[in-house]
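> Fold the stuff below for me.
(chains A and B)
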Amino acid sequence: MNRRKRYDAVVIGAGTAGLVAGTRLAQSGASVCVVAKGVGSTHLAPGTIDALGYMPERVQEPATAIARLAEADPGHPYASIGAELVSEAAEWLITTVASGPAPGYRYVGNLERNFLLPTAVGALKPSAVIPETFAAGDSSQLGRLVVVGLPALRDFHPELCAANLQAAGVDARGITIDVSVDRADSSTLGISRLFDDPTWRTSFAARLTPLVRAADHVALPAMLGLKDPHGALHDLENKLGRRVFEISTLPPSVPGMRLYEILSHALRAAGGSLAFGAGVVAHERDGERILSVDTESAGSPTTYEADAFVLASGGFHSGAITLDSHWLAHELVLDLPLQGVPGKDEPRFSAAYFDEQPMARVGVAVDAEQRALGTSNVVVAGASLPGAVPWREASGEGIALSSGYRAAQVLAGQLSKRTEALR
Amino acid sequence: MVTLTTDVLVIGGGATGAGVAWDASLRGLDVVLVDRLDLAEGTSGRFHGLLHSGGRYVVKDPLAARECIGENRILRRVAADSIEDTGGFFVTTPFDDPAYADRFAAGCKETGVDCQEIPVAVALREEPRINAGITRAFRVPDANIDVWKTVGSLARGAQQRGARILTYHEVTAVHRDGDAVTGVRVHDVRGGEDLDIQARVTVNASGAWAGRIADLAGIEGVRVLPGRGIMIAMNHRLVNTVVNRCQMPTDGDIIVPIRTVSVVGTTDKHTDDPDDHTVLQSEVDAMLDEGEKLVPGFRQARALRVWTGVRPLFEDAKESETETRDVTRAHALLDHQQRDGVSGFVTITGGKLTTFRLMAEQTVDAVCKALGVEQSCKTAIEPLPGSESGQNYKLGERLGRKEQHLRDEQVICECELVARAKLEQTIRSTRSTNLDDIRRQLRLGMGPCQGGFCIYRAAGIMHELDGLSAEQADSSILAFLQERWKGVWPVLYGDQLRQMRFDEWIFHGVLDVDHLPTSANIPNGELPDSVGRPDGAIPAAGSAT
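All right, here's what the predicted structure looks like:
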């Protein structure tokens, strides 16, 4: 027999979109539970809010470009969200981060202008709103740069990064400093835990100082601590006398995990709750209304009843949408209809990897309010939405943030109407 | 122009050509081997990995069955390290003619293929995933063979005895002096230069391309009809024994467990172009259906990659006018002195991977005869480099070795357990500028994540070792993404689609590889011209086994 729980709203998925939707709903006074199979996009994405980077030419002013995109492509999620709401959501995020659990840590930027930040391979990627620990990496500001790696860090290659930056006109060189972390393999996550310790920062800075005398800027892989990245950044900058910044690299993403901590903290602070290991395995539906979802939590399968649901479970990459071996696509959480699936005799993929792939824009079919077609109480957010090519156009986190923010807006209106009707 | 001289020039770096080079060097001959691509990049590297017991041919082609079982016994010794002794089953499923099993058993007896009928319950206990409706089961000595390891060892063994192996050297002309072939001109497709090679005997071991080389030599009627077959690797050992349907050989009736995957194959479609790697949707669907018949639930497993290979099916146009029109699967050794009155030129084509050693032996016998050299073949006794201990490969070997160095050794490719030291050593020794060459040597990027994590790492390491400029590293990353995509997209569904979307996130969302600042070109889906493939080849598949 399942345990039963009841909320005003249940959010499915704990990536950026789900956590933002859950937090906003809780802040509007609804009782909310975010249920998730596991952690989501935050642990994979670079931690920056890329609102719109390519269209397909490089975007400098995201707000203007989003407005243009909304007009040119009515099927894109931004067409119904609109540039203004993306800005509003970004401002909300900046405020939320500033009052988060990591002291002093903040996000900077806005939708007026993209930063142009080095990636781990040395490309320059446009991002709108970014952690302060990335800010000094904006390529327009860069002076003489030293990119620093560690021998144990196979996920960051400073010399290749620097060589590519040089090709882009940055005066960069890469060095690997011989700092031992007591094992041959480590990840940015493992090393970030060391950076939370001020003693480690001091010894690290001491090793680095003689090697960066000729530099104005020092770049490190994104690993400056999980708990106190603000302190780590300023410690290093003071000790080195140089501007320091982080570069995102292969998952797991340390800045993304910070963002996860901040958003889940905000959710709880607003009275919401979060259930992990709670993948949705069944649901109950009455006509256009989803009544409840069942989750398969170890030892305690639970039925969550709610007036409204936010589906933020992600696309093909998260397993929430799948294509079977007979080439039929399915939404696995609530069995909702999909949009953008190529016809039976149309190509699913292009043989040329770098071309647009016909399957790329598949998502849950929605109306202009992100409501899942055929339902009255399910709003869709994040990578579950159809119409975008989030990684190739550098829009994924912008869509996640703003569509999660908007999903809460749409539902809050509906929930308060219902509450008023009951009174 | 530089000129090399040698006793024996071998055209083709597949199993047969490398086998000829190994055999000839063991007999003390001076050898040069050329291939337009890397070793084993043609038909050899594009098969399912099955070392035949011969069981497949006992009814249809008894001669081939006899050759297979003989070679199977020899290769288990001399190429031990490349072979995993999985054993094989022939099973009668509800979809097979029940009368075939008796003919099969009789055929095995007649051809000497070791075969033992076992109770169905025993077969199902050993392989619980195979169709529970099977009515008969036979055990045969099938096995799997790692072809890259085999060909690599053949080439290494030959090199240790002085042979020169020139990969990425494409034959552009065959030199004739009257009725004698005297050598070839090759074009170094990477270095850009031409090279003349003078040889006392030239061996055309170019498999499905043998007709084209014969044409260059001005020899008529060598017709090789490429038979294209597709294979799909599923990302699990769905079976640990090679499982064959007990029926007349047809499409999709074998599942070969090799390394960490199972390969289902194959089809047979005639094509005019040996570089035709088209994969048809209908073929993929048919393979998945056939897999489902042997292993119910097959479609739920994760399809990793599809590729095609072309069998060199030989037809002698000179004989065909008078003789049978049948195209034989057996190999053909053409002594062009006898056949065409042209000396110094021998063609070996047809055949199958299991019999490559025998083909090489017969070829080098002919070469020795032409050179007046009296040296007998030693390849049935002399183990290949790496196989001296006679120990067969065991699944989990890499993991076993790796476990002893968990803290002190960096792993660059987790799927295939490629350690950093090994990668660096290979980068230094090959001096390659191409991640794909490294992939074939180390299996880098060939596991379930298809390079999602290791490609950036490996490119970074190659760059740090001064093996690659930034532009070459960038090109290499982009080319690798295109290269793996061509084998993945026709079978992309389920968990592998999930994986590829996740990889797309890494390469585009995190690294932004399609906006690199160097002038590295985004590949357009065709293979790069530098590897010398003709225009119009439809990109499809590279091997995954």
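> tell me the secondary structure for the residue in chain B positioned nearest to chain A?
Using C-beta to the nearest C-beta, the single residue of chain B nearest to chain A is B:G460, 2.5 Å away. Every residue, glycine included, has its C-beta placed from N, CA and C. Look at B:G460: counting by DSSP: H, G, I helix; E, B strand; the rest coil, its state is helix.
> residues in contact with the nearest residue to it once chain neighbours are set aside?
Leaving out its chain neighbours, the residue that sits closest to B:G460 by C-beta to C-beta, 6 or more residues apart in numbering or on different chains is A:H157, at 2.5 Å. For A:H157, the contact set (C-beta atoms under 8 Å, 6 or more residues apart in numbering or on different chains) comprises A:A120, A:V121, A:G149, A:G174, B:Y456, B:R457, B:A459, B:G460, B:I461, B:H463, B:E464.
> my read: the last one touches A:A163, true?
No. Counting by C-beta atoms under 8 Å, A:A163 is not a contact partner of B:E464; they are 9.9 Å apart.
> you'd agree B:E71 is up against B:A360?
No. Shown here, B:E71 and B:A360 do not form a contact pair, counting by C-beta under 8 Å, at 10.8 Å.
> The two: which has the busier surroundings?
B:A360 (27 against 23; other C-beta atoms under 10 Å in any protein chain shown).
> was I right about the more buried one contacting B:V20?
Yes. In this structure, B:A360 is within contact of B:V20 by C-beta under 8 Å, at 4.6 Å.
> got any residues that touch both of these two?
By C-beta under 8 Å, 6+ apart, the residues touching both B:A360 and B:V20 are B:I348.
> Now do the strands in the stretch 101-250 of chain A.
Taking DSSP state E, counting those that start in this stretch, the strands of the stretch 101-250 of chain A run over residues A:107-109, A:115-118, A:124-127, A:129-131, A:145-149, A:172-176, A:217-221, A:243-247.
> Any chance you could list what contacts stretch A:319-332?
Here stretch A:319-332 makes contact (C-beta under 8 Å, 6+ apart) with A:13, A:313-316, A:333, A:337-338, A:341, A:344, A:348, A:359, A:362-364, A:384, B:288, B:299-300, B:303, B:492-495, B:497-498.
> Could you work out the end-to-end span of that stretch for me?
8 Å (C-alpha to C-alpha, to the nearest Å).
> can you list the residues that contact stretch A:179-191?
With C-beta under 8 Å, 6+ apart, stretch A:179-191 has contacts from A:150-156, A:194, A:204, A:207, A:221-223, A:249, A:252-254, A:257, B:407-411, B:420.
> Just the buried subset of the residues you listed, please.
Buried by 16 or more other C-beta atoms under 10 Å in any protein chain shown: A:150, A:152-156, A:194, A:204, A:221-223, A:249, A:252-254, A:257, B:409-411, B:420, out of these.
> which residues touch B:I254?
B:H48, B:L50, B:R56, B:V242, B:V243, B:N244, B:R245, B:V264, B:G265, B:T266.
> Next: A:A214.
A:R144, A:V146.
> Swap in 7 Å and give it another go.
Applying C-beta atoms under 7 Å, 6 or more residues apart in numbering or on different chains to A:A214 gives the contacts A:R144.
> pLDDT weak spots in chain A?
Low-confidence segments of chain A (pLDDT under 70): A:417-423.
> could you redo the last one with a cut-off of 90?
Applying pLDDT under 90 to chain A picks out residues A:1-2, A:41, A:140-141, A:178-186, A:296-300, A:344-345, A:412-423.
> Any idea which residue of it lies closest to chain B?
Closest point on chain A to chain B, by C-beta to the nearest C-beta, is A:H157, at 2.5 Å.
> So what does that residue look like in phi/psi?
phi -120, psi 90 (degrees, to the nearest 10).
> rewinding a little: tell me which of the strands of the stretch 101-250 of chain A sits nearest to B:V201.
strand A:172-176 (51.9 Å; C-beta to C-beta).
> For that closest one, name the packing helices and strands.
The contact analysis (3 or more C-beta pairs under 7 Å, 6 or more residues apart in numbering or on different chains; DSSP states H and E) places strand A:172-176 against strand A:145-149, helix A:158-167.
> what's the angle between the longest one and strand A:172-176?
Translated: helix A:158-167. If you take axes from the mean of the first three to the mean of the last three C-alpha atoms, to 10 degrees, helix A:158-167 sits at 180 degrees to strand A:172-176.
> How about the contacts made by A:L334?
If you count contacts by C-beta under 7 Å, 6+ apart, then A:L334 has A:H283, A:I290, A:L311, A:V378 around it.
> List only buried entries from these.
Buried among the contacts of A:L334 by 16+ other C-beta under 10 Å: A:H283, A:I290, A:L311, A:V378.
> max-length helix in the chain?
I went with chain A, as the question did not name one. The helix that spans the most residues within chain A, counting by DSSP state H, is helix A:396-422.
> hmm, I had chain B in mind actually
Under DSSP H, chain B gives helix B:470-488 as its longest helix.
> Mind listing what's buried along that one?
B:470-488.
> Near chain B, which residues of the stretch 251-400 of chain A? Just list them.
Proximity of the stretch 251-400 of chain A to chain B (C-beta under 7 Å from any C-beta of the partner chain) is limited to residues A:251, A:315-317, A:319, A:322-325, A:327, A:349, A:351-354, A:391-392, A:396.
> Go ahead and confirm B:A286 touches B:V264.
No. If you go by C-beta atoms under 7 Å, B:A286 and B:V264 don't touch, sitting 10.2 Å apart.
> okay, and the common contacts of the two?
Common contacts of B:A286 and B:V264 (C-beta under 7 Å, 6+ apart): B:G252.
> So between those two, which is more surrounded?
Neighbour count, other C-beta under 10 Å: between B:A286 and B:V264, B:V264 has more, with 27 against 15.
> Which SSE is immediately downstream of the helix or strand where the more buried one lies?
Per DSSP states H and E: B:V264 is located in strand B:261-265. Helices and strands here follow DSSP H and E; after strand B:261-265, the next one along the chain is strand B:269-270.
> helices and strands around that following strand, which ones?
In terms of contacts (3+ C-beta pairs under 7 Å, 6+ apart), strand B:269-270 is packed against strand B:222-234.
> Sheet-wise, list the partners of whatever helix or strand comes next after the strand it packs on with their directions.
Next in sequence after strand B:222-234, counting helices and strands by DSSP H and E, comes strand B:242-245. Looking at strand B:242-245 with DSSP bridges, its partner strands are strand B:88-92 (parallel), strand B:254-258 (antiparallel).
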